[in-house]
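S.K.: this one's structure only:
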């Protein structure tokens, strides 16, 4: 399903017994998994939680966050009543890309030949569950250098932000992602790197 996108999608992350973190926004399916602004922001907010849980977590995806679950159920039932003799794979009744719909119904145990009139209430409930609370397991992290931003670093309380000089070691300056700065996606991390680099360079040149 590489290239399929959904906007908006709602993501909830549960890791290490911590309360669920949540993000809503555009989601992009790639050749290796999930990406897009919603995923990147959720990864940023959950970076420490994921690390502490050794990247063992659950991701819940609501593909239709603009609709309450009961309304999604009503839409599915309406399609079943109106298109009972039609193949479920071809008549979805909800606003989702065709390839994604086929993947979701497969997760609910529905084949491409199944017709709406043939599915049981249990299967229908499973379909609604997949549409609104589909559960995906996270069991590791990507390979080194696949990260967009580094979370963690030098404690900001230990740095003079006027010069970027260390408060603990005079003459030592910091800039960029070695600092504990993790901005949201949208160019904020680039701006942080450029600004702190400028301040550190200016201070060092002045002192020299």
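M.R.: Perfect, thanks for sending it. None of these values were measured; they are calculated from a predicted model.

S.K.: break the chain into its domains for me.
M.R.: Following automatic domain parsing, one gets these domains for the chain: 1-143, 156-207.

S.K.: nearest to residue 150, of these?
M.R.: Set against residue 150 and scored by C-beta to C-beta, the domains of the chain come closest in domain 156-207, at 4.4 Å. C-beta coordinates here come from the backbone N, C-alpha and C atoms, glycine included.

S.K.: against which helices or strands is the lengthiest helix in the chain packed?
M.R.: The single longest helix within the chain, with elements called by DSSP state H, is helix 188-207. Based on contacts counted as 3 or more C-beta pairs under 8 Å, 6 or more residues apart in numbering; DSSP states H and E, there is no element that helix 188-207 packs against.

S.K.: may I see the buried residues of it?
M.R.: 189, 192, 193, 196, 199, 200, 203 (16 or more other C-beta atoms under 10 Å).

S.K.: how far does that helix sit from its chain's centre?
M.R.: 31 Å (C-alpha atoms, centre = their mean, to the nearest Å).

S.K.: make residue 1 into 11 and carry on from there
M.R.: Got it, the first residue is 11 from now on, which makes the last one we talked about helix 198-217.

S.K.: tell me where this structure is predicted with low confidence.
M.R.: Along the chain, the parts satisfying pLDDT under 70 run over 28-29, 154-156, 195, 218.

S.K.: residue nearest the middle of it, spatially speaking?
M.R.: Centroid-nearest residue in the chain, with C-alpha atoms, centre = their mean: residue 49, separated by 2.0 Å.

S.K.: I figured that residue hits residue 36, correct?
M.R.: No. At 9.1 Å, residue 49 does not count as touching residue 36 under the criterion of C-beta atoms under 8 Å.

S.K.: next up, the contacts around the nearest residue to residue 165 once chain neighbours are set aside.
M.R.: Of all residues not flanking residue 165 in the chain, residue 190 sits nearest, at 6.0 Å (C-beta to C-beta, 6 or more residues apart in numbering). Shown in contact with residue 190 (C-beta atoms under 8 Å, 6 or more residues apart in numbering): 162, 163, 164, 165, 166.
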